[in-house]
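S.K.: curious how this folds, go ahead:
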Amino acid sequence: MAKEKESYVCSSCGALLPKWMGKCPSCGEWNTVVPSAPKKRKGHHPHYLSLDQVPIKGEERRELPFQECSRILGGGLVRGSLILLGGEPGVGKSTLLLQIAMAMASQGEKVLYVCAEENPQQVKLRAERLGRTNHNLCLLQETQIEEILLQRELFSPEVMIMDSIQTVVLEDLPSSPGTVVQVREATSKIMEVAKSTNTTMILVGHVTKDGSLAGPKTLEHMVDTVLQMEGEKGQPYRILRVLKNRYGPTMEMAILEMTERGLEEVKDPSALFLQERLIGTPGSIVVASLQGSKPLLLEVQALVSPSSIGMPRRVMAGVDPTRISFILAVAEKHLDIQLQNLDIFINIPGGMRITEPGGDLAVLLALVSSFHERPLSQDLAVFGEVGLGGEIRRAKGALYRAKEAEKHGFSQIMLPITDAEKITKETKIKPLGVSSVQEALEISEHL
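M.R.: Here you go, the predicted structure:
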């Protein structure tokens, strides 16, 4: 019988190698190449089904204590799904998950909270601060993935929360906790259990210095849903974004506020972000944006000033720098506004981001307003995509944007002319349809 050839694996990046090496050729790390553990083959007989034989079942969902969180997930947590929650340290991931766990436990659901980073006493103190405890919520302090899955089998919870995936290890892998190999293999075993037992699994993931989820990119492909929690330092507001969702829409967003009693929903985020807006200030305008399927009014601020250094600065917060480069080029080409030697600052207050092209027109008008030192109308909201030819293109969700602006007391909304007729039929707000940047500038100057 032929001897099985030994293989090696890098404990840092997970690269498979035919022989031992002092330096991994894939990631460049030294002394990380170790023999790979032999994989045990299981007797498995596949059962094939034709597509028309697959039974159709409705998705069973669990309601969350936050209506906004349920909304962005498409109606709640799907049974048997694997969810990854990422965020910077201290942003409130553990607080959010503990509130969710306690709310589900109070509804009769059995919840297992795996404390891989904290001890149960620390979690109990947080629970008492939030003001609720329940016998259906059980804590497990363990880092060995085999023992965690064994305890899950004994307890049989409907929901299991693991805080965090970077701190658990598999005994048969030689690499240390948090490495690519450990994170990937641990997630793979958890996913198998979630699908086979119909248990909802929620994993907490660390983020790297650049803000992306730590671990291999394949980790995001393995899970069903990826959530990211964001928050500015010193600000009580937290933004929960859906980056991936196999059971609902993506790019949705919920806004929460950190209080003494934990996280609470922000009922009217548009009013929140506009409450400190200064009226009659050049370079300020309100954009009717769309965050996933949720309309949201945000202030766009622009400041154009003479440059005191040889190379003008371009400082932007909350906007896509590539799209801003397009808008600056359109302003110089079609509006004859020379911005090459001027410093330009663009900001979306409140730590929000505009990631869709519907905010182009607002940025353009804010820049022109600051350049000419001429305030825009306080009753005007705008949206629309700016093309390189100077045309104003339609943006999705025009009716939802207009209704949100009308709800908050705006009397006029500037939008692509192709959407103006629909707005007239469905709302009472006055639509100002424009087809080009020149037309948009002329109308805004006469308001």
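S.K.: contacting residues around residue 299?
M.R.: 273, 274, 277, 284, 285, 286, 287, 348, 349 (C-beta atoms under 8 Å, 6 or more residues apart in numbering). C-betas here are computed from N, CA, C, even on glycine.
S.K.: please name the residues that touch residue 435.
M.R.: Per C-beta under 8 Å, 6+ apart, neighbours of residue 435: 391, 392, 416, 417.
S.K.: low-confidence stretches in this structure?
M.R.: Across the chain, the ranges flagged by pLDDT under 70 are 1-5, 37-46, 56-58, 208-217.
S.K.: can you name every helix or strand that the longest helix along it contacts?
M.R.: For the chain, the longest helix by residue count, based on DSSP state H, is helix 180-197. Applying 3 or more C-beta pairs under 8 Å, 6 or more residues apart in numbering; DSSP states H and E, we find helix 180-197 packed against strand 82-87, helix 145-155, strand 200-205, helix 217-222.
S.K.: as a markdown table, those with mean neighbour count and distance to residue 422 would be great.
M.R.: Below are the helices and strands packed on helix 180-197 laid out as a markdown table (neighbours: other C-beta atoms under 10 Å; distance: least, C-beta to C-beta, whole Å):
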| stretch | mean neighbour count | distance to residue 422 |
| --- | --- | --- |
| strand 82-87 | 25 | 37 |
| helix 145-155 | 15 | 52 |
| strand 200-205 | 25 | 40 |
| helix 217-222 | 14 | 37 |
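S.K.: ok, which of these comes nearest residue 69?
M.R.: strand 82-87 (10.8 Å; C-beta to C-beta).
S.K.: counting by contacts, list what the closest one packs against.
M.R.: Strand 82-87 packs on helix 93-106, helix 180-197, strand 200-205, helix 217-222, strand 225-230, going by 3+ C-beta pairs under 8 Å, 6+ apart.
S.K.: kindly format the C-alpha coordinates of the longest one as PDB.
M.R.: Think helix 180-197. Extracted in PDB, the C-alpha atoms of helix 180-197 (Å, rounded to 0.1, in the frame of the first residue of the first chain):
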ATOM      1  CA  VAL A 180      -6.900  32.600   8.800                       C
ATOM      2  CA  VAL A 181      -6.900  28.800   9.100                       C
ATOM      3  CA  GLN A 182      -8.500  28.800  12.500                       C
ATOM      4  CA  VAL A 183     -11.200  31.300  11.600                       C
ATOM      5  CA  ARG A 184     -12.100  29.600   8.400                       C
ATOM      6  CA  GLU A 185     -12.200  26.100   9.700                       C
ATOM      7  CA  ALA A 186     -14.100  27.100  12.900                       C
ATOM      8  CA  THR A 187     -16.700  28.900  10.800                       C
ATOM      9  CA  SER A 188     -17.000  25.900   8.500                       C
ATOM     10  CA  LYS A 189     -17.900  23.600  11.400                       C
ATOM     11  CA  ILE A 190     -20.300  26.100  12.900                       C
ATOM     12  CA  MET A 191     -22.000  26.500   9.500                       C
ATOM     13  CA  GLU A 192     -22.500  22.700   9.200                       C
ATOM     14  CA  VAL A 193     -24.200  22.600  12.700                       C
ATOM     15  CA  ALA A 194     -26.400  25.600  11.900                       C
ATOM     16  CA  LYS A 195     -27.700  24.100   8.700                       C
ATOM     17  CA  SER A 196     -28.100  20.500  10.100                       C
ATOM     18  CA  THR A 197     -29.900  21.500  13.300                       C
END
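S.K.: what residues sit buried inside it?
M.R.: Buried residues in helix 180-197, counting neighbours by 16 or more other C-beta atoms under 10 Å, are found at 180-187, 190-191, 193-194, 197.
S.K.: for those residues, which one is nearest residue 8?
M.R.: Using C-beta to C-beta, these come closest to residue 8 at residue 181, 11.9 Å.
S.K.: so what's the closest one up against?
M.R.: 9, 10, 11, 12, 14, 173, 175.
S.K.: try 7 Å
M.R.: Listed by C-beta atoms under 7 Å, 6 or more residues apart in numbering, the contact set of residue 181 reads 9, 11, 14, 173, 175.
S.K.: tell me if I'm right that the first one and residue 32 touch.
M.R.: No - no contact is recorded between residue 9 and residue 32 when judged using C-beta atoms under 7 Å, the distance being 9.1 Å.
S.K.: just send the helices and strands packed on strand 82-87 back as JSON lines, with distance to residue 73 too.
M.R.: As requested, those are arranged in JSON lines below (distance: least, C-beta to C-beta, whole Å):
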{"stretch": "helix 93-106", "distance to residue 73": "11"}
{"stretch": "helix 180-197", "distance to residue 73": "16"}
{"stretch": "strand 200-205", "distance to residue 73": "11"}
{"stretch": "helix 217-222", "distance to residue 73": "16"}
{"stretch": "strand 225-230", "distance to residue 73": "7"}
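S.K.: right, so of the ones you listed, which gets closest to residue 158?
M.R.: When those are compared by C-beta to C-beta, strand 200-205 sits nearest residue 158, at 6.7 Å.
S.K.: pick the one among the contacts of residue 435 closest to residue 144.
M.R.: Using C-beta to C-beta, these come closest to residue 144 at residue 416, 57.7 Å.
S.K.: number of nearby residues for that closest one?
M.R.: For residue 416, the count of nearby residues is 22 (other C-beta atoms under 10 Å).
S.K.: any idea what it is bridged to?
M.R.: Counting by DSSP bridges, residue 416 forms beta bridges with residue 434.
S.K.: which ones are touching it?
M.R.: Applying C-beta under 7 Å, 6+ apart, we find residue 416 in contact with 384, 392, 393, 394, 395, 433, 434.
S.K.: recalculate using a threshold of 8 Å.
M.R.: Contacts for residue 416 were tallied using C-beta under 8 Å, 6+ apart; they are 384, 385, 392, 393, 394, 395, 398, 433, 434, 435.
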